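Got a sequence here, can you model it:
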Amino acid sequence: MEKHYMSERNLTMLTDFYELTMANGYFVNGKTDEIAYFDMFFRKTPDNGGFAIFSGLYQLIEYLQNLKFTQGDIEYLRQKGFNEDFLKYLENFEFSCDVRSVDEGTPVFPGEPIITVKGPIIQAQLIETMLLLCINHSSLVSTKANRIVRAAEGRNVVEGGARRAHSFDAAVYAARAAYIAGCKSSSNTIADCLFGVPAAGTMAHSWIQSFPSEYDAFKAYAKEYPNECIMLVDTYNTLKSGVPNAIRVFNEVLVPNGYRPKGIRIDSGDITYLSKKARKMLDEAGFSDCQIVASNSLDEFIIRDMLIQGARVDTFLVGERLVTAKSDPVFGGVYKLCALEKDGVIIPKMKISENVSKITNPCPKNLWRLLDRDTGKAIADVITLLDETIDDNIPYEVFDPEHPWKRKTVENFIARPLLRPIFESGKCVYKTPSIDETRKYCSKQVDTLWEEVVRFENPHKYYVDLSQELWDVRQKMLSENLNKFKD
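From the prediction side, this is the model:
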């Protein structure tokens with residue numbers, strides 16, 4: 001007989017099992033109150049792009065505010081053989097960590113600490129899985145959506161991938177992430193209910209097939225939705241049937257009643273060719289204000305090529321390749337210990353690997369963005385020790401941490417710290433902006449990047465530098481570890 005320990009969904013238990021076994025181990029080894037510092041960062045930008053869009057903080061805050069262990073959770077862990085004193089600790093569990101994060105919608109780069117956590121090591125360890133899940137998924141979709149929006153060159157992009165998403169939660173949060181990154185709306189109704197992502201839609205081919213003729217289907221739709229009339233014109237033949245029937249209904253139903261058609265949608269065939277022909281037909285019929293919507297497995301590369309070839313499309317409905325980030329469907333964010341604190345003394349920690357890309361940066365840290373005071377463009381990001389500040393009233397030297405002889409003195413700049421407090425001692429101190437404020441912020445921040453950084457192919461590498469102090473600590477720890485293992 002199956003055993004069921006949950007009467008309701010509790011995301012506290014959405015964790016890798018080893019987070020719980022480590023927490024149990026920390027407890028029995030007297031580490032309950034030991035303070036740990038963790039960083040979340042990612043190593044590679046999806047699609048080999050020049051930057052990523054940070055997203056998912058909303059979900060993470062919601063999770064941390066509801067972090068608790070139910071009696072069902074405790075009983076499940078008891079059956080798994082966990083220590084009884086540890087289970088009593090979990091019964092009275094209260095989140096007490098400090099969490100700092102960059103704002104949602106911020107362009108971010110590999111290696112940067114985009115979230116930092118300080119707190120009892122048991123707690124900081126337990127939240128790893130959900131922290132990464134929230135940020136990795138939403139940041140992946142936001143990054144893909146922003147690429148697609150930029151490819152559309154000012155034309156509208158609608159997210160429409162709910163039916164192809166990897167789960168119902170993925171569909172909901174993908175719609176939110178896509179809107180933040182610049183999509184105009186979503187086909188996902190519940191995303192409008194929950195987050196205020198504008199819901200939009202037209203009709204399916206089944207609507208048209210359910211009527212005696214395409215004309216009858218269009219006519220019925222126009223009568224019911226005269227203000228939002230977008231006709232799907234490719235069910236039978238786009239140019240010989242769909243567009244002519246749409247024009248006929250526009251003239252017979254909408255215009256006499258004082259309405260204007262909103263658009264037509266093409267979902268198959270050579271959309272570039274069909275959109276050009278359809279545009280000409282609509283213009284000649286007096287409907288130059290009638291927009292053309294394109295759908296059918298689109299992505300940024302297809303959209304870019306369509307526009308280069310002269311496609312007359314006003315709105316792109318993008319589904320599966322956006323919601324799944326199909327071309328590169330993993331955002332490889334990781335969560336690594338960077339320090340421990342004992343008796344008020346901070347002890348730097350560093351993962352050292354034969355794979356150089358997996359060597360981590362030690363110490364509690366801060367993240368800064370240097371912006372040109374005249375142009376507003378981003379010059380570089382700098383990772384510093386937590387107690388360091390960058391005085392933008394005096395010149396500041398930046399250098400490539402991989403090639404430290406490459407140095408540059410920056411002047412006439414603004415130094416902006418990117419990490420802000422989200423939780424202090426377990427209490428949320430962050431006022432979440434509205435989704436429209438976040439969307440506007442994202443657009444503004446992407447505009448601070450040079451064109452060379454945002455291009456799709458071979459983007460210019462944006463520099464993420466270490467302060468001299470942090471670099472010195474890193475080099476010292478590397479040297480000490482190399483000497484330790486010398487033959």
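
Mind jotting down where the helices sit in the stretch 351-487 of the chain?
With DSSP state H, counting those that start in this stretch as the criterion, the stretch 351-487 of the chain has helices at 435-446, 451-454, 468-484.

which stretch among those comes nearest Asp314?
helix 435-446 (19.3 Å; Cβ to Cβ). Placement of C-beta: from N, CA and C, glycine included.

buried stuff in that closest one?
Ile435, Thr438, Arg439, Tyr441, Cys442, Gln445, Val446 (16 or more other Cβ atoms under 10 Å).

Same check on stretch 23-38?
For stretch 23-38, burial by neighbour count (16+ other Cβ under 10 Å) applies to Ala23, Asn24, Tyr26, Phe27, Lys31, Thr32, Ile35, Ala36, Tyr37, Phe38.

Can you verify the third one is assigned to a strand?
To tie it back to what came earlier, the one meant is Tyr26. No: the assignment for Tyr26 (DSSP: H, G, I helix; E, B strand; the rest coil) gives helix, which keeps it out of a strand.

quick one: it and Glu19, what's the gap?
Distance of Tyr26 to Glu19, given as Cβ to Cβ, to the nearest Å: 11 Å.

intersection of neighbour lists for those two?
Gln125 (Cβ atoms under 8 Å, 6 or more residues apart in numbering).

How confident was the prediction at the nearest residue to Arg176 once chain neighbours are set aside?
Once flanking residues are discounted, Arg176 sits nearest to Phe195: 4.9 Å by Cβ to Cβ, 6 or more residues apart in numbering. As predicted, Phe195 sits at a pLDDT of 97.

ok, now how distant is Phe195 from Ala175?
8 Å.

quick one: which of these two has more around it?
Ala175 (32 against 18; other Cβ atoms under 10 Å).

hang on, that one is in a strand, isn't it?
No: residue state for Ala175 (three-state DSSP) corresponds to helix; a strand is not indicated.

Can you tell me the closest non-neighbouring residue to it?
Ala191 (3.6 Å).

wait, isn't the one you found in contact with Ala177?
No: counting by Cβ atoms under 8 Å, Ala191 does not reach Ala177; the two are 9.9 Å apart.

Those two - which one has more neighbours?
Ala177 (33 against 26).

The more buried one reaches Ala145, doesn't it?
Yes: if you go by Cβ under 8 Å, Ala177 and Ala145 touch, sitting 6.7 Å apart.

what about the strands in the stretch 101-250 of the chain?
Using DSSP state E, counting those that start in this stretch, the strands of the stretch 101-250 of the chain run over 107-108, 115-120, 156-159, 185-186, 230-232.

same thing with the stretch 351-487 of the chain?
Secondary structure of the stretch 351-487 of the chain, counting by DSSP E, counting those that start in this stretch: strands at 365-372, 378-385, 396-399, 407-410, 413-417, 420-424, 427-428, 464-466.

Spatially central residue in this structure, please.
Centroid check for the chain by Cα atoms, centre = their mean gives Ser139 as the closest residue, at 2.0 Å.

residues contacting that residue?
So Ser139 contacts Phe42, Ala52, Ile53, Phe54, Ser55, Gly56, Val108, Ala177, Phe331, Gly333 (Cβ under 8 Å, 6+ apart).

and the first one, what pLDDT?
Here the pLDDT value assigned to Phe42 is 97.

before we move on, what about the fourth one?
Note on Phe54: pLDDT of 98.

was I right about it contacting Val108?
Yes: applying Cβ under 8 Å as the test, Phe54 and Val108 come out as touching, 4.7 Å apart.

what touches both of the two?
By Cβ under 8 Å, 6+ apart, the residues touching both Phe54 and Val108 are Val102, Ile114, Ser139.

how close does Ala380 get to Gly310?
39 Å.

Looking at the two now, which is surrounded by more residues?
Ala380 (20 against 11).

what's the more buried one in contact with, if anything?
Leu370, Val398, Val410, Tyr462, Tyr463, Val464, Asp465.

which non-adjacent residue is nearest the first one?
Same thing as Leu370. Ile379 (4.5 Å).

To what extent is the one you found buried, counted in neighbours?
22.

Longest helix in this protein, by number of residues?
helix 128-151 (DSSP state H).

report the angle between the axes of that one and strand 115-120?
170 degrees (axes from the mean of the first three to the mean of the last three Cα atoms, to 10 degrees).

rewinding a little: let me see the confidence value for the residue nearest to the centre of the chain.
Looking at Ser139, the pLDDT reads 98.

any idea how far it is from Leu232?
33 Å.

Map the structural domains onto the sequence of this structure.
11-141+329-484, 146-323 (automatic domain parsing).

before we move on, the earlier item: residues contacting the residue nearest to Ala175?
Per Cβ under 8 Å, 6+ apart, neighbours of Ala191: Val172, Ala175, Arg176, Tyr179, Val197, Ala199.

just Gly182 next, same as before
By Cβ under 8 Å, 6+ apart, the neighbours of Gly182 are Ala145, Asn146, Val149, Arg150, Val157, Arg439, Cys442, Ser443.

rerun that using 10 Å as the cut-off
53, 105, 142, 145-150, 152, 156-157, 439, 442-443, 446 (Cβ atoms under 10 Å, 6 or more residues apart in numbering).

could the buried residues of helix 435-446 be laid out in a markdown table, adding distance to Leu274 and pLDDT?
Below are the buried residues of helix 435-446 laid out as a markdown table (distance: Cβ to Cβ, whole Å; pLDDT from 0 to 100):
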| residue | distance to Leu274 | pLDDT |
| --- | --- | --- |
| Ile435 | 34 | 98 |
| Thr438 | 36 | 98 |
| Arg439 | 31 | 98 |
| Tyr441 | 37 | 98 |
| Cys442 | 33 | 98 |
| Gln445 | 37 | 98 |
| Val446 | 32 | 98 |
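
If anything else comes up later, I'll come back, but that's it for now.
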